[in-house]
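Q: the following comprises the amino acid sequence and a computationally predicted model.
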Amino acid sequence: MHDTAYEITTQTRRPADYPADLPAPEGQVMLPSEIPPGVQMVTLPGGIRTLAYTQPTAPAAPLVPVSQPIPAWAKTTALLTPTIGGGIAAAGIGLSYAAPGLIAMSQALWSAVALIAAAAIGVPLLLRLGRAATGTGTGTTHITQNITASGMFGKASGTINHR
């Protein structure tokens, strides 16, 4: 332990520094019976007498650690941790075995996408060429409709003419 001496300095208060409604203290302010335990009247090196703690206060009772029950969330987490870790490990092993098949499936999917794209371009082109070869695609058909109805909720009747 270090034994360091500190110089204690105090500022004396003049009676003019106190509020007007309170008288300036003269002598002891507390009765000796009012002094709490562990506090004593001491004389400082400058000759001023004051109250001070002279010895450290002892704790009321030594603290004894009390065992606390383990919370339910901690038990659940502790039980689930190996399960989750094992599941992640099993998934990694399964993916490593499935990797060649996944690569083949992705190539097959890209082939299917290319087939769909070729069909989307090729089918309309073939249909256009087929119509041009047969000559059925050159003529146009006009349809005329005449519909009449009487009143707001009347029955409608009409004719369709093909030309």
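A: That came through fine. Numbers count the residues shown, from 1 in each chain.

Q: export the helix or strand bottoming out on mean pLDDT in the chain to CSV, keeping only CA atoms.
A: Within the chain, no helix or strand scores below strand 156-162, which has a mean of 75 by mean pLDDT, DSSP states H and E. Extracted C-alpha coordinates of strand 156-162, given in CSV (Å, rounded to 0.1, in the frame of the first residue of the first chain):
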residue,chain,number,x,y,z
ALA,A,156,-80.7,-7.6,-78.8
SER,A,157,-80.8,-9.2,-82.3
GLY,A,158,-78.2,-9.0,-85.1
THR,A,159,-76.8,-10.5,-88.2
ILE,A,160,-73.3,-11.4,-89.3
ASN,A,161,-72.1,-11.1,-92.9
HIS,A,162,-69.0,-12.7,-94.2
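
Q: and for that strand, what's in contact with it?
A: Under the criterion C-beta atoms under 8 Å, 6 or more residues apart in numbering, residues Thr141, His142, Ile143, Thr144, Gln145, Asn146, Ile147, Thr148, Ala149 lie in contact with strand 156-162. No exception for glycine: its C-beta is placed from N, CA and C like everyone else's.

Q: pLDDT score assigned to the first one?
A: Reading off the confidence values, Thr141 has pLDDT 69.

Q: shaky segments in this structure?
A: In the predicted model of the chain, residues 1-32, 55-59, 134-141, 163 satisfy pLDDT under 70.

Q: could I get the full set of strands for it?
A: 39-43, 49-53, 143-149, 156-162 (DSSP state E).
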